[in-house]
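*Asks:* Let me see the structure of the following:
(one chain, ligands or ions: 1)
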Amino acid sequence: MDRYKLLKELGDGTCGTVYKAVNRENYEIVAVKKMKRKFYFWEECVNLREVKSLRRMSHPNIIKLKEVVRENNELFFIFEYMECNLYHLMKERQRPFSEEEIRNLLTQVLQGLAHMHWNGYFHRDLKPENLLVTNDVIKIADFGLARELSSMPPYTDYVSTRWYRAPEVLLKSSTYTPAIDMWAIGAVMAELFTLCPIFPGESEIDQLYKICSILGAPNWSVFPDANNHAQLVNICHSQILPVNLSDIIPNASWEAVDLISQLCSWDPLKRPTAEQALQHPFFNVASWVPRPIHDPLQSKPEYTKTKPNLELNLWDFDSKPDDCFLGLSLAVNPGVSALEMGPSVSGGTRQDIYFCSNFQDHPEQSVFWSLFSPCRNGATPPVDPSLSLSFSSITHPPIGVPHSGSALQLCSQEY
Ligand SMILES: Nc1ncnc2c1ncn2[C@@H]1O[C@H](COP(=O)(O)OP(=O)(O)OP(=O)(O)O)[C@@H](O)[C@H]1O
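*Replies:* Below you'll find the predicted structure:
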């Protein structure tokens, strides 16, 4: 690691601390992730055999792992450097992103995701913090290191924010598919429009509750093996009907709302795949020219790129089917034919929501969760994700009605 001079800390994640660093030999700026746990033997790194999968997934919208170094029982990942993450971008944003900006960002993320899914992996922890941005280039990062390199399950449940977690994961369904990533993309897309998380749950139950409050109660047959239905049935009181997403995201076009509705379908089978999403009319605006898959940060053609310099020869582990890599866990059959383009959702009639009976009193305005002001650019920090409240102890949040733009006006009524 003498080759690298650490410049400053970029982020302190669950399993590692990330630094901006410079390569003393070629002056290249990189991101060095120093893992928090020790690695005393190479054998301990056996889970990293799937690093070869990331190598296979070389794509302009997937963060490039350049090198892995183990030194003095410490493990370092050397990544290409990115300026910031989408969370920071949204937090500092004074005005909403334009639809064209959102289209550009989403196109890239979906292309990276389509590549990942096509290769038989899914991310499972997509969220704005894991989408890294430099200028107008966005890349998917943090392939679940926490999940794979952590020692104590159910670690992941507590380390990653639940706001982007698909209902089937919350319901502890035994079968996950890449559709969980599509749900997260839907939630991120909604947030790009409003700069507020659409489902800012305080606990797993509250997360389900917030989803119910916007999407309405699910069709229970979709989750045959979910083991905490009873709780959810209590939460998703039959009176809860879907709200109109256009009311929640007033600055989104019909196409955008429709795509969010499809991505955030209760039923994983109704969510479009990444490839299908890219075919959605939202991306088919006559005046809009799609970005080529060209990464100015990676100008070399694919075949000339050097392979990551791994001081541990990770590529030569056995050829067992990949079941994990740095948390690119739950390998799936890339033939995700079961995932079909879902029908247009939305159009739900706006009805009373039982925890906010005066909802209909509001004119056609946007509806936001005001609980602890979770807006990216709000003053109050998000709720500690480790907080786990029982449902009975939750004070249901009032619904806030924002002014135009991103400012948030809180509804003060208590329920
Ligand atoms: N390649 C990079 N370039 C610039 N910043 C980065 C890079 N990789 C990570 N970061 C910054 O460091 C933060 C933490 O990184 P990362 O998410 O990989 O760590 P982690 O320990 O897995 O965190 P988490 O708790 O989210 O799982 C990121 O949110 C990002 O802001």
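*Asks:* Alpha carbons of stretch 1-10, as CSV, please.
*Replies:* Extracted in CSV, the C-alpha atoms of stretch 1-10 (Å, rounded to 0.1, in the frame of the first residue of the first chain):
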residue,chain,number,x,y,z
MET,A,1,0.0,0.0,0.0
ASP,A,2,3.0,2.3,0.0
ARG,A,3,2.1,3.0,-3.6
TYR,A,4,-0.9,4.9,-2.4
LYS,A,5,-1.0,8.1,-0.4
LEU,A,6,-4.3,8.6,1.4
LEU,A,7,-5.6,12.1,0.9
LYS,A,8,-8.9,12.3,2.8
GLU,A,9,-11.7,10.1,4.1
LEU,A,10,-14.7,9.9,1.7
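*Asks:* could you give the mean pLDDT of the host helix or strand of G112?
*Replies:* G112 belongs to helix 99-118 when assigned by DSSP states H and E. Averaged over helix 99-118, pLDDT sits at 95.
*Asks:* what do you get for stretch 195-215?
*Replies:* Computed over stretch 195-215, the average pLDDT equals 91.
*Asks:* now do stretch 19-32
*Replies:* 97.
*Asks:* what's the answer for stretch 249-262, then?
*Replies:* pLDDT averaged over stretch 249-262 gives 96.
*Asks:* circling back to that earlier point, near the ligand at all, the helix holding G112?
*Replies:* No. Applying C-beta under 6 Å from any ligand atom, one finds helix 99-118 separated from the ligand by no less than 13.9 Å. All C-beta atoms are positioned from the backbone trio N, CA, C, and that covers glycine.
*Asks:* Pull out the buried positions in that helix.
*Replies:* Residues 99, 102-118 are the ones in helix 99-118 that count as buried (16 or more other C-beta atoms under 10 Å).
*Asks:* tell me the phi and psi of L215?
*Replies:* Dihedral angles of L215 (phi, psi; degrees, to the nearest 10) stand at phi -90, psi -10.
*Asks:* Low-confidence stretches in the stretch 201-350 of the chain?
*Replies:* Flagging of the stretch 201-350 of the chain using pLDDT under 70 yields the residue ranges 225-239, 286-350.
*Asks:* A31: what secondary structure?
*Replies:* strand (DSSP: H, G, I helix; E, B strand; the rest coil).
*Asks:* and if you look at R95?
*Replies:* Strictly by three-state DSSP, R95 counts as coil.
*Asks:* Can you give me the distance of it to C84?
*Replies:* Per C-beta to C-beta, to the nearest Å, R95 is found 17 Å from C84.
*Asks:* Give me the more crowded residue out of those two.
*Replies:* C84 (13 against 8; other C-beta atoms under 10 Å).
*Asks:* For the residue in the stretch 1-150 of the chain that the ligand sits nearest to, grab phi and psi.
*Replies:* Closest residue of the stretch 1-150 of the chain to the ligand, C-beta to the nearest ligand atom: G13 (1.9 Å). G13 adopts backbone torsions of phi -90, psi -170, taken as degrees, to the nearest 10.
*Asks:* what does L86 give?
*Replies:* phi -70, psi -30.
*Asks:* same deal with the one 5 residues further on?
*Replies:* When read as degrees, to the nearest 10, the backbone of K91 gives phi -60, psi -40.
*Asks:* same check, this time on N119
*Replies:* Torsion angles, degrees, to the nearest 10, at N119: phi -80, psi 0.
*Asks:* burial count for it?
*Replies:* Neighbours of N119 (other C-beta under 10 Å): 19.
*Asks:* now the helices: where do they sit in the stretch 151-300 of the chain?
*Replies:* With helices called from DSSP state H, counting those that start in this stretch, the stretch 151-300 of the chain shows them at 155-159, 167-170, 179-194, 204-215, 229-235, 245-248, 254-263, 274-278.
*Asks:* Those: which one's closest to P128?
*Replies:* P128 lies closest to helix 179-194 among these, at 6.0 Å (C-beta to C-beta).
*Asks:* circling back to that earlier point, I'd like a version of the helices of the stretch 151-300 of the chain in TSV, one that adds distance to Y27 and mean neighbour count as further columns.
*Replies:* Conversion of the helices of the stretch 151-300 of the chain to TSV gives the following (distance: least, C-beta to C-beta, whole Å; neighbours: other C-beta atoms under 10 Å):
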stretch	distance to Y27	mean neighbour count
helix 155-159	34	17
helix 167-170	43	22
helix 179-194	34	26
helix 204-215	45	23
helix 229-235	54	15
helix 245-248	47	22
helix 254-263	41	22
helix 274-278	36	21
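*Asks:* would you list these in a markdown table and tack on distance to the ligand?
*Replies:* Formatted as a markdown table, those follow (distance: least, C-beta to the nearest ligand atom, whole Å):
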| stretch | distance to the ligand |
| --- | --- |
| helix 155-159 | 5 |
| helix 167-170 | 16 |
| helix 179-194 | 13 |
| helix 204-215 | 18 |
| helix 229-235 | 27 |
| helix 245-248 | 26 |
| helix 254-263 | 22 |
| helix 274-278 | 21 |
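*Asks:* what residues go with each domain of this protein?
*Replies:* 4-80, 84-286 (the TED database).
*Asks:* Tell me the bridge partners for D12.
*Replies:* T17 (DSSP bridges).
*Asks:* Once you drop chain neighbours, what's closest to F76?
*Replies:* Leaving aside its sequence neighbours, F76 sits nearest to V69 (C-beta to C-beta, 6 or more residues apart in numbering; 4.4 Å).
*Asks:* show me what contacts that neighbour?
*Replies:* Going by C-beta atoms under 8 Å, 6 or more residues apart in numbering, V69 touches 1, 75-76, 78, 311.
*Asks:* anything in stretch 21-33 sitting right up against the ligand?
*Replies:* Yes. Using C-beta under 6 Å from any ligand atom, stretch 21-33 comes into contact with the ligand via 31, 33.
*Asks:* residues in contact with that stretch?
*Replies:* Here stretch 21-33 has contacts from 1-7, 10, 13, 16-20, 66, 76-82, 145, using C-beta under 8 Å, 6+ apart.
*Asks:* could you flag which of those residues are buried?
*Replies:* For the contacts of stretch 21-33, buried by 16+ other C-beta under 10 Å: 1, 4, 10, 13, 16, 18-20, 66, 76-82, 145.
*Asks:* Select from those residues every entry located in strands.
*Replies:* Among those, DSSP state E puts 4, 10, 16, 18-20, 66, 76-80 in strands.
*Asks:* Once you drop chain neighbours, what's closest to W183?
*Replies:* A166 (3.7 Å).
*Asks:* Fine by me, thanks again.
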